[in-house]
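K.L.:
quick one, structure for this:
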Amino acid sequence: MGYSLIHYLRNLPLRYYLKGGFTQLLGPTISLFLSSKESAALICRGHRAHGFESEIANLSDAPPLHGVDLGIASANRSFSEKLLTRSRSKGVPRFIFVPDLGSSDLYCNVHNVANLRELNVETLLESLNEDPRQVFGSWDESRRFRWGIFNSQLEAVQGVFEKRLQDVIIVGIPADYCERLEDWTEMQRGTLLGIVPLPLACLKWFCASIPIGRKTAFVLLMLAHAALLAVVQDQKVILFRQYIEDAEFVYHEIPVLASELRSEEFETFVWSSRPIAEDVAATLAGTELTGEVLRQINGRAVVVRKPDGSKMELNGPIPHLLFWLENSIA
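P.N.:
Numbering: from 1, shown residues only. This next block holds a predicted model:
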C-alpha cells in the first residue's frame, strides 16, 4: 500500500531483518485472502503472477482463519512449499495476509483530528494500547487490539498531525490473530510483509484505481459476516459504516447518506468476493466490481500458469485485489 523503507524500519519486527529480510527482496510473494467462507492464494515473483490457488483452507498446514479452528494436520511439505512448487517458484516466501473479519473483530472509523486530545500518532497509539476508551469514549472489548493510523487516502501517518490533516482513520484488529499469523509465518520459514484487513485493501485499491471526479462514490463491501459502506470524495474516504444487516438494507441507506452529505451526484459501487445472487443483484443498482469491469479498470486480466504450463486469465475480485496489493507492497 505504498509503504516506504522508513515505514518498514519503524514498524516491522527486528526478526525480519535478523532472518535476512534485506536479502529476500527478490523472493516469491504469497498473498492470502482469508475468509471463513472462502480463501485463496496468489503467488507472484517480480510483480508477475505465477499461480493462483482457491480454497486453500482445505490444504494441510493452511494459514489460520480468524474464528475457525481447523486444527493442525501433519504434512511432508509445508503449505508454502507446495504452493511454490505448483507455481514453479523458488525462494524464501514473503506473505501478505488479507483477512475478512467480522464487525466485532474490526474497528475502522474516521475521526476528526480536532476532536482528538492527542497531538501525534505516537501518543494516539499509546492511548489506544492502554485503553481505547481514552480515545473512543466507549469500548467494551476485553481483547487486545493492534492499531494503525491512516489519513483519508489510507496512507500510514507518522509523527505530529499536520495542520492540513483534518481526519484520520483508526483501524484495529485483534492482537491474538495477528500473533497467530506471525507464528504461522515463522513455521513456514518466511517473512511477513503485511496484514491488511479486507476493507482497507479494497478501499485503497478503489481510491487508487477509479477516478470519480467531483462525484461522491458509495462503496458497498459485501463481507462474509457483515456489510461495510464507505463514502469516497476526491479520492479520499470520508465516512465508514459497518452493518450486521444484509446488503439490501445497507443499499437503501445510500440515498439517506447522500442527502445528509448534500451529494447531488453520486455513484454506487459494489464489491463482493463471491458472485452476488441474481435476486440480490437486481436490487443493487450500481457498478459491480467484477469480471470485465475489473479488466477495464486494471487494464488487463491477471494471467497465471496452470500446472500443465498453459496460461489462464482471471478476472475475479480476489485475484485482481491480491495482484494489485502485491504490486503495491512487495
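K.L.:
can you give me the helices in the stretch 151-300 of the chain?
P.N.:
175-187, 198-209, 247-251, 254-260, 278-281, 291-298 (DSSP state H, counting those that start in this stretch).
K.L.:
can you tell me which of these is nearest to Ala330?
P.N.:
helix 198-209 (13.7 Å; Cβ to Cβ). No exception for glycine: its C-beta is placed from N, CA and C like everyone else's.
K.L.:
what residues does the closest one touch?
P.N.:
For helix 198-209, contacts defined as Cβ atoms under 8 Å, 6 or more residues apart in numbering pick out 1, 33, 35, 98-101, 106, 108, 150, 153-154, 171, 217, 219, 221, 223, 228, 230, 232, 235-237, 240, 269, 271, 289, 297-298, 321, 324-325, 328.
K.L.:
are any of the residues you listed buried, and which?
P.N.:
1, 33, 35, 98-101, 106, 108, 150, 153-154, 171, 217, 219, 221, 223, 228, 230, 232, 235-237, 240, 269, 271, 289, 298, 321, 324-325, 328 (16 or more other Cβ atoms under 10 Å).
K.L.:
so which of those residues belong to strands?
P.N.:
33, 98-99, 108, 150, 171, 217, 219, 221, 228, 230, 232, 236-237, 240, 269, 271 (DSSP state E).
K.L.:
next one: Asn129 from Ala175, what distance?
P.N.:
According to Cβ to Cβ, to the nearest Å, Asn129 stands 9 Å off from Ala175.
K.L.:
where do the contact lists of the two overlap?
P.N.:
Contacts common to Asn129 and Ala175, judged by Cβ under 8 Å, 6+ apart, are Arg144.
K.L.:
list the residues that contact Glu248.
P.N.:
If you count contacts by Cβ under 8 Å, 6+ apart, then Glu248 has Val280, Thr283, Leu284 around it.
K.L.:
can you put those residues in JSON lines and add neighbour count and distance to Arg86?
P.N.:
Shown next, in JSON lines, are the contacts of Glu248 (neighbours: other Cβ atoms under 10 Å; distance: Cβ to Cβ, whole Å):
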{"residue": "Val280", "neighbour count": "15", "distance to Arg86": "34"}
{"residue": "Thr283", "neighbour count": "10", "distance to Arg86": "40"}
{"residue": "Leu284", "neighbour count": "19", "distance to Arg86": "36"}
